[in-house]
Every structure is written in C-alpha cells, then in structure tokens.
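Chemist: Sequence first, predicted model second:
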Amino acid sequence: VQLQASGGGLVQAGGSLRLSCVASGLTFTVSTYNMAWFRQAPGKEREFVAAIRSDAITDYADSVKGRFTISRDNAKKTVYLQMNNLKPEDTAVYYCAAGLPGRTYGYWGQGTLVTVSS
C-alpha cells in the first residue's frame with residue numbers, strides 16, 4: 001500500500017487549498033480503512049487534523065472544525081482535505097495516513113507542505 005499526498009502550496013491567510021491522497025495497492029480500498037490527515041509544523045510534534053472512518057464517520061481537531069472538511073472518493077481511492085479560511089498557524093507538512101479499524105495508522109504518505117502567509 002502506498003499513499004501519495006499532493007495539493008500543498010503557498011496561500012494567503014483566508015484562502016483555500018484542497019489536499020489529495022491517492023492510495024495504491026491491489027486490495028486497498030479507502031472505504032475499508034480509516035483514513036486521516038495529520039500535520040507537523042516546524043519545531044512541533046505531529047498532530048491529528050481530521051479522519052474519516054470506514055463507516056464514513058468524520059472527526060476533526062478542534063483547531064480546524066468548521067474550516068476543514070475531509071471526504072473520500074472510493075472509486076478513485078482518494079481522500080481529500082478541503083481547507084478553507086486558512087490561518088498562518090495552519091502552516092505545516094500535511095501527511096495522510098491509513099489504518100484498519102481498531103488499529104493504529106500503519107500506512108503513511110510522504111507529506112505535502114502547506115504555507116499560509118499573513
């Protein structure tokens with residue numbers, strides 16, 4: 001299983017970006033796994049951002065609730081993170097992750113950099 005994240009870039013505060021995470025692997029389906037986005041800012045620990053479970057239930061960190069939306073396209077094996085009203089504190093490398101229900105996230109993408117200027 002491989003996860004390829006993309007969509008990062010430089011955006012002004014208040015702007016929007018959409019991150020994508022494409023999964024590959026013969027038996028991998030995004031609807032079977034819990035999929036999530038994490039981020040790591042410079043000098044900080046990695047933190048949870050959002051998740052969509054195999055049953056489609058979503059969860060968000062308090063810092064992004066109401067601004068970010070996680071979704072998935074099963075046919076395209078892709079998970080998205082729509083980020084609106086971005087703030088400078090959202091600047092980080094964003095990673096997508098996958099894990100079977102009840103287990104830790106065992107698969108990770110390479111990360112995509114999001115930079116929000118003030």
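Modeler: Looks like it arrived, so ask away. Residues are numbered from 1 along each chain as shown.
Chemist: which one is the residue most central in space within the chain nearest to, not counting chain neighbours?
Modeler: With distances taken as Cα atoms, centre = their mean, the residue of the chain nearest its centroid is residue 37 (2.8 Å). The shortest distance from residue 37 to any non-neighbouring residue, by Cβ to Cβ, 6 or more residues apart in numbering, is to residue 49 (4.3 Å). For glycine as for every other residue, the C-beta is placed from the backbone atoms N, C-alpha and C.
Chemist: the strands in the protein, which residues?
Modeler: Secondary structure of the chain (DSSP state E): strands located at 2-6, 9-12, 17-24, 34-40, 47-52, 58-60, 68-73, 78-83, 92-99, 107-108, 112-117.
Chemist: what about residue 99, how many neighbours?
Modeler: 18 (other Cβ atoms under 10 Å).
Chemist: How about the contacts made by the closest residue to it other than its chain neighbours?
Modeler: For residue 99, ignoring the flanking residues on the chain, the nearest one in space by Cβ to Cβ, 6+ apart is residue 105 at 3.9 Å. With contacts defined as Cβ atoms under 8 Å, 6 or more residues apart in numbering, the neighbours of residue 105 are 34, 36, 97-99.
Chemist: Check those and tell me the two furthest apart.
Modeler: Spatially, the most separated pair among the contacts of residue 105 is 34 and 97, at 8.6 Å (Cβ to Cβ).
Chemist: what sits opposite the nearest residue to residue 94 once chain neighbours are set aside in the beta ladder?
Modeler: Nearest residue to residue 94 in three dimensions, chain neighbours excluded: residue 39, at 4.8 Å (Cβ to Cβ, 6+ apart). Residue 39 has these beta-bridge partners by DSSP bridges: residue 47, residue 94.
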